[in-house]
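Participant: output the structure for:
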Amino acid sequence: MYIPSLFVGMKFFYRSIYICTKKFFSLLFRHQVYGKHHLPAGPCILAPNHASFLDPPLVAISCDEEVNFLARGSLFNNTIFKKLISHLNSYPVGGISQDITSLKLILQLLKDSKKVVIFPEGKRTPTGHLLPIKPGIGMLISKSQCPIIPVYIHGTYEAWPKKKWIPRLEGQTACVFGKPIYWEAYKDLPKKKAQEEISNAIQKSLKMLNFWYLNGAQGEPP
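Facilitator: Model prediction:
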């Protein structure tokens, strides 16, 4: 089982924001983390459902090491905010399904043994329910051959849904890391079929993690 030492390798600025954000979620949202042992030692793609602007920091503080994010290019228009999120390992890109620059960046990060967070639904849910998985995530695993970790996020929609300007600073949040999805299970399929099956596997895993958590979070996360 891979259990990284907390803070080892974290940059000073990242670590400072990490500590403050973790206290924020612990105090206001009684944040809980499950299945962290599913994270591999090397590079991987973390694939969470997406419900809120709170999702990226929540995933970050649920890991014991630095993770990397892709962010909308428009978020980098403000100079101060650009510096902030750049120091927190965020990179300006387009959508993973149509932007070749994004693909090259992700593959390079994975080649450098980084963990990369990609929201495979492509946008925040307007209802709180899981959305269909975009096909680009399957292409990434076929090219990188890195494992994908489905990640179920709970409670952020209730705290800060898409149509609200201000978050509700109370409630319960959770981050559940599911079992890895490996390329080896799909490598013998035709490329397009393999990518489709990987997207389906992520969708199925997120539904299972959702069910597991909402029914008491007993035993190991699936």
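Participant: residues touching residue 138, list them.
Facilitator: Neighbour list for residue 138: 194-199 [criterion: C-beta atoms under 8 Å, 6 or more residues apart in numbering]. In this view, the C-beta of every residue, glycine as well, is placed from N, C-alpha and C.
Participant: wait, isn't residue 9 in contact with residue 64?
Facilitator: No. Counting by C-beta atoms under 8 Å, residue 9 stays clear of residue 64, with 10.1 Å between them.
Participant: looking at those two, which is more packed in?
Facilitator: It is residue 64, of residue 9 and residue 64, that has more neighbours when counted by other C-beta atoms under 10 Å, with 17 against 10.
Participant: do I have it right that the more buried one meets residue 36?
Facilitator: Yes. Under the criterion of C-beta under 8 Å, residue 64 makes contact with residue 36 at 7.3 Å.
Participant: where in the protein is pLDDT low?
Facilitator: Counting by pLDDT under 70, the chain shows low-confidence ranges at 1-8, 94-98.
Participant: can you show me the helices along it?
Facilitator: Counting by DSSP state H, one finds helices in the chain at the ranges 12-29, 55-62, 79-87, 100-111, 136-144, 156-159, 191-214.
Participant: and residue 173, which of the ones you listed is closest to it?
Facilitator: Of all these, it is helix 12-29 that lies closest to residue 173, at 4.1 Å by C-beta to C-beta.
Participant: quick check: angle from that closest one to helix 55-62?
Facilitator: The directions of helix 12-29 and helix 55-62 differ by 100 degrees, with axes from the mean of the first three to the mean of the last three C-alpha atoms, to 10 degrees as the criterion.
Participant: give me the helices and strands touching helix 12-29, please.
Facilitator: Of the remaining helices and strands, those touching helix 12-29 by 3 or more C-beta pairs under 8 Å, 6 or more residues apart in numbering; DSSP states H and E are helix 55-62.
Participant: kindly recompute the last result at 10 Å.
Facilitator: The criterion is 3 or more C-beta pairs under 10 Å, 6 or more residues apart in numbering; DSSP states H and E, and the helices and strands that helix 12-29 contacts are strand 32-34, helix 55-62, helix 79-87, helix 156-159.
Participant: save these as a markdown table, and put in distance to residue 137 and mean neighbour count too.
Facilitator: Conversion of those to a markdown table gives the following (distance: least, C-beta to C-beta, whole Å; neighbours: other C-beta atoms under 10 Å):
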| stretch | distance to residue 137 | mean neighbour count |
| --- | --- | --- |
| strand 32-34 | 22 | 18 |
| helix 55-62 | 15 | 22 |
| helix 79-87 | 22 | 12 |
| helix 156-159 | 20 | 23 |
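Participant: for residue 205, find the nearest of the ones you listed.
Facilitator: Closest approach to residue 205 among the helices and strands packed on helix 12-29 (C-beta to C-beta): strand 32-34, 13.6 Å.
Participant: buried residues in stretch 167-181?
Facilitator: Judged by neighbour count (16 or more other C-beta atoms under 10 Å), stretch 167-181 contains these buried residues: 167, 171, 173-181.
Participant: my error: substitute stretch 22-36 in the last question.
Facilitator: Buried residues in stretch 22-36, counting neighbours by 16+ other C-beta under 10 Å, are found at 22, 25, 29, 31-36.
Participant: picking up where we left off before, now a PyMOL select for only the buried ones of the contacts of residue 138.
Facilitator: Burial among the contacts of residue 138 is assessed by 16+ other C-beta under 10 Å; the matching PyMOL selection reads:
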select buried, resi 194+195+196+198+199
